[in-house]
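**Student:** Sequence first, predicted model second:
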Amino acid sequence: MPRKKVTEVSGNGGANKKRAGVKRKERDLSSDDEFEYEQENNKKPGKPAAKSGLQPVTVADDVKEKIKLEFPKVKGQLLIFGATNWDLIGRKEVPKQQAAYRNLGQNLWGPHRYGCLNNVQVSCVVSGPCAAHSLLITTEGKLWSWGRNDKGQLGHGDTKRLEAPKLIEALADNVIVAASCGRNHTLALTEDGSVYSFGENKLGQLGQGNQTDAVLSPALISYNGQPLVKVACGAEFSMVVDCKGNLYSFGCPEYGQLGHNSDGKFIARAQRIEFDCELIPRRVAIFIEKSKDGQIMPVPNVVVRDVACGGNHTLVLDSQKRVFSWGFGGYGRLGHTEQKDEMVPRLVKLFDFPGRGATQIYTGYQCSFAVNEMGGLFFWGVTNTSRESTMYPKAVQDLCGWKIRSLACGLSCSFNTIDNFSDIFHSDF
């Protein structure tokens, strides 16, 4: 049955009006001298206007599902290698206030173990493509953290950086099944479907209903709906999915990455551009398909099964194995053969065919990955801006014939694990 044409929703949200003929660059994430990323401009998001009538999602207790989530049924030990100077990673130099730590942390050229984890069985390790802190979840559901801590993103009630993993005592009474790292904030999902957030909150990325410089200890997000089953963090925004397949977003909307058909910009005093941030989880209600001639049609019955966030873009995988993407469109990371920003979730057409659907999705800072039903890996976007962009999903030829089991992305590299083999592949595409 053909999908109904929609005229009132723009996939680009009018974002091109002032940008025609100008090569757009993504806003620098280094407002605190962090991460040498390209800078679009020097505008800094300010305090947004208060939203009227927006209330936290609430579901009556008698209709709320009762769930018990499980963490991955694997156990092992943590091995680390690479840079360990947490205050220098991604920066040109250590900020003055951290100058005393300038020479701390060495490069590890081979796998090493942390002595504090000798008797700890690890179930999962978490970081992010724009994060300089890391998390691990033990087989008992305990959350540990270490790394940079300028905004309290480690959850220990202070801003002291940690050289080695430390248990987050404030969550010791909870069983943590999943977590996600943003640039300077963290989300943690419990077995009963609750989400705790901590770290930077200038743009409402913690979803606690306010904007503060930092929240140093874990606190529940402002949400009382159906239990949550997935969490994901972008640089300065967050996504959660409930057990019914509904997607919610909060934080900075600058490139449309929240999926609410707006980039949140408004003119404040003295012609200053500021952003109307989402301070509590808000449901993403519109999913679209765009034809070659530009017609926009709604895609009904989208039940979200997974979500992944890059620096300023988002992917979701639904129950029909379709992939949607939106947010910042630079370098082709959305997979729509163009570099326009998308303000609402737009269907990636390659995976919308029988037998060619996706089963897994992943994001790097400026790129995206998907694994199809045959176990093949597809890539689009860019891992190094000096290289040619991949504007739509292409099979990774070097891994053709291998069945991808899992993948993790950094800023400019990725690691893949292959099913039925013990091999781990590293690539920078």
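**Tutor:** Here it is on my side, so go on.
**Student:** how about low-confidence regions in the protein?
**Tutor:** Within the chain, the ranges that satisfy pLDDT under 70 run 1-53, 86, 88-105, 385-386, 410-429.
**Student:** mind listing what's buried in the longest strand anywhere in the chain?
**Tutor:** Longest among the strand segments of the chain by residue count, using DSSP state E, is strand 212-220. For strand 212-220, a neighbour-count test (16 or more other Cβ atoms under 10 Å) marks 214, 215, 216, 218, 219 as buried. In this view, the C-beta of every residue, glycine as well, is placed from N, C-alpha and C.
**Student:** Max pairwise distance over those: which two?
**Tutor:** Greatest spatial distance in the buried residues of strand 212-220: 214 and 218, 12.6 Å, computed using Cβ to Cβ.
**Student:** sorry, back to before: in its sheet, what does the longest strand of the chain sit against?
**Tutor:** strand 195-201 (antiparallel) (DSSP bridges).
**Student:** Please name the bridge partners of the residue nearest the centre of the chain.
**Tutor:** Ranked by distance to the mean C-alpha position of the chain (Cα atoms, centre = their mean), the top residue is residue 309 at 2.7 Å. When bridges are called by DSSP bridges, residue 309 pairs up with residue 314.
**Student:** All the strands of the stretch 251-400 of the chain, residue numbers only.
**Tutor:** Listed in chain order, the strands of the stretch 251-400 of the chain (DSSP state E, counting those that start in this stretch) span 265-267, 273-275, 278-283, 288-290, 296-298, 304-309, 313-318, 323-327, 342-347, 358-363, 367-372, 377-381, 390-395.
**Student:** and those strands, which is most packed in?
**Tutor:** strand 323-327 (a mean of 29; mean count of other Cβ atoms under 10 Å).
**Student:** Compare the strands of the stretch 251-400 of the chain and report which one is nearest to residue 59.
**Tutor:** strand 278-283 (12.1 Å).
**Student:** Show me what the closest one is packed against.
**Tutor:** Judged by 3 or more Cβ pairs under 8 Å, 6 or more residues apart in numbering; DSSP states H and E, the packing partners of strand 278-283 are strand 247-251.
**Student:** ok now stretch 121-133, how far from the chain's centre?
**Tutor:** In this view, stretch 121-133 has its centroid 12 Å away from the chain centroid, taken as Cα atoms, centre = their mean, to the nearest Å.
**Student:** Likewise for stretch 359-368?
**Tutor:** The answer for stretch 359-368 is 9 Å, by Cα atoms, centre = their mean.
**Student:** repeat for stretch 61-71
**Tutor:** Taking Cα atoms, centre = their mean, one finds the center of stretch 61-71 at 24 Å from the center of the full chain.
**Student:** how long is that stretch end to end?
**Tutor:** 25 Å (Cα to Cα, to the nearest Å).
**Student:** Run through who's touching that stretch.
**Tutor:** For stretch 61-71, the external contacting residues (Cβ atoms under 8 Å, 6 or more residues apart in numbering) are 123-124, 137, 139, 141, 175-178, 189-193, 225-227, 229, 243-244.
**Student:** so residue 268 touches residue 275, yeah?
**Tutor:** No: judged on Cβ atoms under 8 Å, residue 268 makes no contact with residue 275 at a distance of 9.6 Å.
**Student:** For the longest strand of the chain, C-alpha coordinates in PDB please.
**Tutor:** C-alpha atoms of strand 212-220 as PDB (Å, rounded to 0.1, in the frame of the first residue of the first chain):
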ATOM      1  CA  THR A 212      23.100  23.100  35.600                       C
ATOM      2  CA  ASP A 213      26.800  23.100  35.100                       C
ATOM      3  CA  ALA A 214      27.200  19.600  36.500                       C
ATOM      4  CA  VAL A 215      25.600  16.900  38.500                       C
ATOM      5  CA  LEU A 216      28.300  15.000  40.300                       C
ATOM      6  CA  SER A 217      26.300  12.100  41.700                       C
ATOM      7  CA  PRO A 218      23.800   9.800  39.900                       C
ATOM      8  CA  ALA A 219      20.200  10.900  39.900                       C
ATOM      9  CA  LEU A 220      17.100   9.600  38.200                       C
END
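**Student:** On the C-terminal side of it, identify the next helix or strand.
**Tutor:** Counting by DSSP states H and E, the next helix or strand C-terminal to strand 212-220 is strand 228-233.
**Student:** Just checking: what are the partner strands of that next one?
**Tutor:** strand 237-242 (antiparallel).
**Student:** Buried residues of the partner strand, list them for me.
**Tutor:** In strand 237-242, counting by 16+ other Cβ under 10 Å, buried: 237, 238, 239, 240, 241, 242.
**Student:** Those residues into TSV, with extra columns for distance to residue 257?
**Tutor:** What follows is these, written out as TSV (distance: Cβ to Cβ, whole Å):
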residue	distance to residue 257
237	6
238	10
239	9
240	14
241	16
242	19
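**Student:** Name the nearest of those residues relative to residue 81.
**Tutor:** Nearest to residue 81 among those: residue 238, at 29.1 Å, using Cβ to Cβ.
**Student:** Name the residues linked to that closest one by a beta bridge.
**Tutor:** Bridge pairing for residue 238 (DSSP bridges) gives the partners residue 233, residue 250.
**Student:** Isn't residue 336 up against residue 381?
**Tutor:** No: in this structure residue 336 lies outside contact range of residue 381 using Cβ under 8 Å: 11.3 Å.
**Student:** Which entries within the contacts of stretch 61-71 meet the buried criterion?
**Tutor:** 123-124, 137, 139, 141, 175-178, 189-191, 193, 225-227, 229, 243.
**Student:** Can you flag which of those residues belong to strands?
**Tutor:** Going by DSSP E, the strands hold 123, 124, 137, 176, 177, 178, 189, 190, 229 from those.
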